[in-house]
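Enquirer: Could you work out the structure for the sequence below:
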Amino acid sequence: MIRAALLAMLLAFPSLASAQEWVPRRFAEIQALDKVNARVLTLRATVGEPARFGTLTILVRACHARPADEVPDAAAFMEISDERSAPGSGPAFRGWMFADAPAVNMFEHPVYDLRILACR
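Expert: I've put the predicted structure just below:
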């Protein structure tokens with residue numbers, strides 16, 4: 001949570017970012033796992049366009065990476081909905097995911113697991 005708040009602040013006030021700048025990218029690489037059949041895929045999702053995995057619809061709203069001369073990292077703001085959810089229940093997940101700290105803000109689902117790998 002603290003990391004998500006820090007990233008939101010850095011994105012809102014670019015002058016504060018200086019040595020810790022994030023660069024917007026167009027594509028997110030997402031590792032997707034189907035826990036039932038152990039199927040693992042790497043999805044390439046375009047920012048602003050929905051991607052599908054099983055019953056999930058993944059919408060990447062923003063994807064940011066560190067500059068090439070800094071320690072690699074990626075952060076993506078995603079909205080994930082499940083077609084099996086009750087009508088009007090809202091997204092199954094909405095928030096930032098971080099490549100180097102996947103446990104900070106996890107997508108919790110009984111069948112699927114998703115994590116951000118990179119922003120390109």
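Enquirer: what about the strands in this structure?
Expert: Here the chain has its strands, by DSSP state E, at 23-24, 27-34, 39-46, 50-53, 56-65, 74-82, 93-98, 112-119.
Enquirer: Mind putting those into CSV with mean pLDDT, distance to M106 and mean neighbour count?
Expert: For the C-beta atoms, the positions are set from N, CA and C on the backbone; glycine is no exception. CSV is the format used below for the strands of the chain (pLDDT from 0 to 100; distance: least, C-beta to C-beta, whole Å; neighbours: other C-beta atoms under 10 Å):
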stretch, mean pLDDT, distance to M106, mean neighbour count
strand 23-24, 96, 23, 12
strand 27-34, 97, 12, 20
strand 39-46, 96, 17, 13
strand 50-53, 97, 16, 15
strand 56-65, 98, 14, 20
strand 74-82, 96, 11, 21
strand 93-98, 96, 8, 19
strand 112-119, 96, 8, 20
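Enquirer: can you redo these as CSV with distance to N105?
Expert: As requested, the strands of the chain are exported to CSV (distance: least, C-beta to C-beta, whole Å):
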stretch, distance to N105
strand 23-24, 19
strand 27-34, 14
strand 39-46, 17
strand 50-53, 19
strand 56-65, 14
strand 74-82, 10
strand 93-98, 5
strand 112-119, 10
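Enquirer: quick one, what contacts the residue most central in space within the chain?
Expert: Nearest to the geometric centre of the chain sits A76, at 3.7 Å (C-alpha atoms, centre = their mean). Residues near A76 by C-beta atoms under 8 Å, 6 or more residues apart in numbering: A28, I30, V60, A62, C63, H64, W96, M97, I116, C119.
Enquirer: Done for today, thanks.
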